[in-house]
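Visitor: Fold the following.
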Amino acid sequence: MYIFVFMWTPALTTLAKAELGDSFEGLPFGIIFSTFMVCCMAGSSIFSIAMEKMKPEQLAVPVFGIATLAFGIIVLSKSATSTFLAMNLFEVCVGMYFPSMGTMKGMIVPEDKRAAIYNLFRIPLNFIVLFSLLTDLSPKTSFLLCASMMTVAFVLQMKLRNSRLNA
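Guide: Numbering: from 1, shown residues only. Predicted coordinates for the structure are as follows:
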């Protein structure tokens, strides 16, 4: 998510410049960002509806799978439009991710240890983001890194879902 926040503007700008050439006059970043926020809100609403039929650990599996697919499209696409649509799909997944994770963490992590555990998980997150920013990775490489991490998250979420269903 944090790498996405830093990299969506250069990724879309590079693709739009390549497509439009000299006629490129800039992107409507406010409208693009607003669209991302609407997609995130839609994802949150979808989560509320889906929770009536699924447990959060079950719902997170397709969310991670779809987010992985969205990053794959972003990495492989040469079109600003398809990249933008894939980014919107990712934002829908983000809208579903946060309530899913909040619900699962509330069920799994003991309340008296939550603050310490959450802070420990922020350490590698911050290192990954710093690595991405300080190594000056291209947007494509950054999104490939995100796709790889989403693939790992997808596999681990399937293991968590299976272990909770078998318990």
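
Visitor: quick one: buried residues of the least confident helix or strand in the chain by mean pLDDT?
Guide: Taking mean pLDDT, DSSP states H and E as the measure, the helices and strands of the chain show their lowest mean at helix 114-134, namely a mean of 87. Across helix 114-134, burial judged by 16 or more other C-beta atoms under 10 Å covers residue 132. In this view, the C-beta of every residue, glycine as well, is placed from N, C-alpha and C.

Visitor: which is the next helix or strand following that helix?
Guide: Counting by DSSP states H and E, the next helix or strand C-terminal to helix 114-134 is helix 139-166.

Visitor: elements contacting the least confident helix or strand of the chain?
Guide: helix 2-20, helix 139-166 (3 or more C-beta pairs under 8 Å, 6 or more residues apart in numbering; DSSP states H and E).

Visitor: Output the contacting helices and strands for the shortest one.
Guide: Packed against helix 2-20 by the contact rule (3+ C-beta pairs under 8 Å, 6+ apart) you find helix 29-50, helix 80-108, helix 114-134, helix 139-166.

Visitor: Read off the pLDDT value for the most far-flung residue of the chain relative to its centre.
Guide: Computed with C-alpha atoms, centre = their mean, the residue of the chain farthest from its C-alpha average is residue 22, at 32.3 Å. If you check residue 22, the pLDDT there is 89.

Visitor: quick one: it from residue 10, how far?
Guide: 19 Å (C-beta to C-beta, to the nearest Å).

Visitor: Residue 47 too?
Guide: Taken as C-beta to C-beta, the span from residue 47 to residue 10 is 30 Å.

Visitor: more neighbours, the two?
Guide: For residue 47 versus residue 10, neighbours defined as other C-beta atoms under 10 Å are more numerous around residue 47 (22 against 12).

Visitor: Off-centre distance for stretch 93-102?
Guide: 9 Å (C-alpha atoms, centre = their mean, to the nearest Å).

Visitor: go on, stretch 159-167?
Guide: On C-alpha atoms, centre = their mean, the centre of stretch 159-167 falls 23 Å from the chain's centre.

Visitor: What residues sit buried inside it?
Guide: residue 161.

Visitor: go on, stretch 81-98?
Guide: Buried-residue list, stretch 81-98, by 16+ other C-beta under 10 Å: 83-84, 86-97.

Visitor: still on that earlier bit, for the residue farthest from the centre of the chain, give its distance to residue 28.
Guide: Distance from residue 22 to residue 28, counting by C-beta to C-beta: 19 Å.

Visitor: And for residue 44?
Guide: In terms of C-beta to C-beta, residue 44 sits 24 Å off from residue 28.

Visitor: How about residue 141?
Guide: In terms of C-beta to C-beta, residue 141 sits 26 Å off from residue 28.
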